[in-house]
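Peer 1: Below: sequence and its predicted model.
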Amino acid sequence: MERSAAFTAVSGWGHVALGFTAMGAAALAARQASAFGWLRIWLAEGLLAVAIGLLACTWKANRRGLPLFSGPARKVALGLAPPLVAGAFLTFLLFRAGLVWALPALWLLLYGAGIITGGAFSVPIVPVLGVCFMLLGGLAVLSPTAWGNWFLGIGFGGLHIVFGLLIARRHGG
């Protein structure tokens with residue numbers, strides 16, 4: 001039974017909170033004078049997002065009496081982690097190479113890939129979120145590089161808010 005069950009402790013309200021902090025990060029990052037300042041804002045946002053996501057899932061799992069470290073939860077984590085780890089290493093490589101402009105598309109594409117693969121073991125709307133992130137990342141690749149920060153705000157902000165509200169409504173918080 002544990003193998004076939006979906007991870008249902010995905011917190012819609014946690015996604016909404018992530019979205020609002022990401023919108024704030026996009027606004028703050030847009031005001032930075034240097035690429036390093038911009039990167040610091042987004043890296044801090046990434047750490048904050050991980051903390052919010054873990055706390056929100058823990059809260060929802062505890063509230064509903066669900067096991068947080070069940071088989072489906074491990075599968076979600078194992079699907080999500082590799083693209084995020086790859087993104088972390090590639091972030092520092094691209095920053096050192098002076099290719100900061102490539103980071104928004106890279107982050108959106110890899111996060112989307114992780115959400116799709118990890119979301120395969122979650123509620124059905126989660127992989128759709130991943131597809132939207134990948135589509136937005138593809139647009140970021142094809143758009144002027146100056147728009148990258150706004151793509152991050154739309155993706156990590158707007159998509160998380162919209163899908164968070166859908167998850168909260170359809171899957172109980």
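Peer 2: Sure, I can see it.
Peer 1: Now do residue 18 against residue 50, distance only.
Peer 2: With the distance defined as CB to CB, to the nearest Å, residue 18 ends up 10 Å from residue 50. From N, CA and C alone the C-beta is placed, and that goes for glycine too.
Peer 1: ok, these two, which is more surrounded?
Peer 2: residue 18 (24 against 12; other CB atoms under 10 Å).
Peer 1: Is it correct that that one falls within a helix?
Peer 2: Yes. Read with DSSP: H, G, I helix; E, B strand; the rest coil, residue 18 is one of the residues of a helix.
Peer 1: Could you report the pLDDT at the nearest residue to it once chain neighbours are set aside?
Peer 2: Nearest non-adjacent residue to residue 18, counting by CB to CB, 6 or more residues apart in numbering: residue 160, 4.6 Å away. Among the per-residue scores, residue 160 holds a pLDDT of 95.
Peer 1: So residue 160 is in contact with residue 21, correct?
Peer 2: No. Using CB atoms under 8 Å, residue 160 is not in contact with residue 21; the gap is 9.1 Å.
Peer 1: Name the residue in those two with the higher neighbour count.
Peer 2: More crowded of residue 160 and residue 21, by other CB under 10 Å: residue 160, with 26 against 17.
Peer 1: The host helix or strand of the more buried one: how far from the chain's middle?
Peer 2: In this structure, residue 160 sits in helix 160-171 according to DSSP states H and E. Taking CA atoms, centre = their mean, to the nearest Å, one finds helix 160-171 lying 14 Å from the centre of the chain it belongs to.
Peer 1: could you say what helices and strands it packs with?
Peer 2: Helix 160-171 sits against helix 12-30, helix 125-142, with contacts defined as 3 or more CB pairs under 8 Å, 6 or more residues apart in numbering; DSSP states H and E.
Peer 1: what angle separates that helix from helix 125-142?
Peer 2: What separates the directions of helix 160-171 and helix 125-142 is an angle of 170 degrees, with axes from the mean of the first three to the mean of the last three CA atoms, to 10 degrees.
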